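1. quick one: sequence and predicted model below, then my questions.
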Amino acid sequence: MANIASQKKRNRQNERHHDRNQALRSEVKTRTKRVLDAVEAGDAAGADEALRAAQKRIDSAVSHGVMKKNTAARRKSRLARAVARLG
């Protein structure tokens, strides 16, 4: 355990950031799964709505520094292609 006050504070910050990052990553995975499930079920309207929600979460992850920009672009592109194949 740290004795220095600044290190104690840094540890608290790291824990908060870790929790936020984990929550965002989990949310992105959940939204992605919903899109893929809707595509697999052949539900075009549901897939489109789920795609918009997933893209929003992915962009949020990028803005918080949880995901790199190119990774986000690749994931959004793959999801959009999967939904486009339905229509």
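-> Looks like it arrived, so ask away.
2. biggest helix in the chain by residues?
-> With DSSP state H setting the assignment, residue counts place helix 5-41 as the longest helix in the chain.
3. my guess is Leu24 meets Lys56, correct?
-> No - between Leu24 and Lys56 no contact is recorded; they are 11.8 Å apart, counting by CB atoms under 8 Å. Yep, even glycine has a C-beta here, placed from its N, CA and C like the rest.
4. the two: who's more crowded?
-> A direct count of neighbours by other CB atoms under 10 Å for Leu24 and Lys56 places Leu24 higher, at 20 against 11.
5. how close does the more buried one get to Thr30?
-> When CB to CB, to the nearest Å is the yardstick, Leu24 and Thr30 sit 11 Å from each other.
6. next one: phi and psi at the residue sitting furthest away from the middle of the chain?
-> The outermost residue of the chain relative to its centre, with distances by CA atoms, centre = their mean, is Asn3 at 35.9 Å. As for Asn3, its main-chain torsions (degrees, to the nearest 10) stand at phi -100, psi -20.
7. mind listing what's buried in the helix or strand that contains Asp48?
-> Secondary structure assignment for Asp48, by DSSP states H and E: helix 44-63. Counting neighbours by 16 or more other CB atoms under 10 Å, one finds that the buried residues in helix 44-63 are 46-48, 50-51, 54-55, 57-58, 61-62.
8. which residues do Leu24 and Thr30 both contact?
-> Taking CB atoms under 8 Å, 6 or more residues apart in numbering as the contact criterion, Leu24 and Thr30 have no common neighbours.
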